[in-house]
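**Student:** starting from these lines, generate the structure:
(one chain, ligands or ions: 1)
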Amino acid sequence: MLARPFFVANWKMNMLSRDAGRYVLEFRRLYKVAESGLDDTVLAPPFTLLPVVRDELGGLPGVLLAAQNVHAEDFGAHTGEVSAPMLRELGVSFAIVGHSERRALYGETDAWVSKRALNALKHGIRPVICIGETLGEFEAKRTKEVLTKQLHGVLEHIPDEHAKTIILAYEPVWAIGTGRAATPDDIAAASEHIITTVQKRFGPAVDKVRLLYGGSTSPENIKEIVKVPGIGGALVGGASLNPQTFWSLIENARSVAAKS
Ligand code: PGA
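**Tutor:** Below you'll find the predicted structure:
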């Protein structure tokens with residue numbers, strides 16, 4: 001685990017301006033109490049709320065903004081898409097790419113994910129690249145095979161110079177939003193495989209793979225999850241929608257990190 005775990009709050013398609021304003025106000029209050037200073041907490045609201053969250057955060061040190069997706073090109077005929085330069089203009093530092101909901105519901109492929117991640121990197125946005133197996137693949141014990149294939153695909157366009165900038169998120173599809181997080185043993189097996197595969201791909205260019213876990217994380221289970229070797233934090237969905245719950249999750253993880 002990294003010395004200080006890293007968290008991304010994926011709000012998905014939730015909240016309106018008023019809710020976001022209240023959320024950030026409360027989160028700021030809690031965050032101040034801990035006197036946090038490192039850039040280790042990221043909020044990923046829907047596109048429309050990015051300026052609201054940015055303004056409400058008011059430059060709070062340690063908390064940065066992420067988009068939930070980013071297009072592979074800068075401008076052009078791509079109705080409904082949002083590009084990296086547009087996100088930069090809003091002060092966005094990270095972008096989730098290849099979330100399983102994007103893959104399953106909107107047909108995003110590994111090749112697309114790779115191109116989206118690359119363009120984000122070109123504009124100084126760090127991609128949080130999601131990978132993970134479905135329930136059928138998990139039950140058929142095909143997790144490693146699936147992760148290898150996804151990693152080769154999503155890293156295809158990423159040059160070695162960006163190896164240290166990317167963040168990977170292992171999100172078993174069957175664990176997302178189900179209340180059934182993967183066990184520490186399953187996460188450990190996947191984490192080891194991901195790190196070995198990424199290190200093989202980039203060679204000495206990457207000494208440390210930044211890897212998060214995502215899927216039904218909670219303030220209760222996070223302590224065990226961040227103890228898993230190689231896991232440096234979490235991509236949090238449901239538990240990030242309430243500022244107190246998200247903050248408890250962060251605090252619980254930090255209490256483990258502080259002891260290790
Ligand atoms: P969850 O979502 O924490 O609600 O399972 C995680 C995610 O989809 O990133």
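
**Student:** now for Leu64, how many residues are close by?
**Tutor:** 20 (other CB atoms under 10 Å). C-beta coordinates here come from the backbone N, C-alpha and C atoms, glycine included.

**Student:** can you pull the contacts of the residue lying closest to it once chain neighbours are set aside?
**Tutor:** Nearest residue to Leu64 in three dimensions, chain neighbours excluded: Ser93, at 4.4 Å (CB to CB, 6 or more residues apart in numbering). Residues counted as contacts of Ser93 (CB atoms under 8 Å, 6 or more residues apart in numbering) are Asp39, Val42, Leu64, Leu65, Ala66, Gly124, Ile125, Arg126.

**Student:** and stretch 59-70, end to end?
**Tutor:** Start-to-end span of stretch 59-70 (CA to CA, to the nearest Å) is 23 Å.

**Student:** going along the chain, name the strands of this structure.
**Tutor:** With DSSP state E as the criterion, the chain has strands at 6-10, 41-44, 63-67, 94-97, 126-131, 167-170, 211-214, 233-236.

**Student:** got a markdown table for those, with distance to Tyr23 and mean pLDDT too?
**Tutor:** Formatted as a markdown table, the strands of the chain follow (distance: least, CB to CB, whole Å; pLDDT from 0 to 100):
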| stretch | distance to Tyr23 | mean pLDDT |
| --- | --- | --- |
| strand 6-10 | 9 | 96 |
| strand 41-44 | 9 | 96 |
| strand 63-67 | 12 | 96 |
| strand 94-97 | 18 | 98 |
| strand 126-131 | 20 | 98 |
| strand 167-170 | 22 | 98 |
| strand 211-214 | 20 | 97 |
| strand 233-236 | 14 | 97 |
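
**Student:** ok and the residue in the chain nearest the ligand?
**Tutor:** Gly237 (2.2 Å; CB to the nearest ligand atom).

**Student:** thought that residue was touching Val8?
**Tutor:** No - Gly237 is not in contact with Val8 according to CB atoms under 8 Å; the separation is 9.7 Å.

**Student:** out of the contacts of Ser93, which end up buried?
**Tutor:** Val42, Leu64, Leu65, Ala66, Ile125, Arg126 (16 or more other CB atoms under 10 Å).

**Student:** can you count the residues close to Lys115?
**Tutor:** 19.

**Student:** who's in contact with Leu249?
**Tutor:** Phe7, Thr217, Ser218, Pro219, Ile222, Ala234, Val236, Ala239, Ser240.

**Student:** at 6 Å what do you get?
**Tutor:** Going by CB atoms under 6 Å, 6 or more residues apart in numbering, Leu249 touches Pro219, Ile222, Ala239.

**Student:** circling back to that earlier point, ok, the residue of the chain closest to the ligand to Gln68 distance?
**Tutor:** Going from Gly237 to Gln68 by CB to CB, to the nearest Å gives 11 Å.

**Student:** how about Ile158?
**Tutor:** Ile158 is 20 Å from Gln68, where distance means CB to CB.
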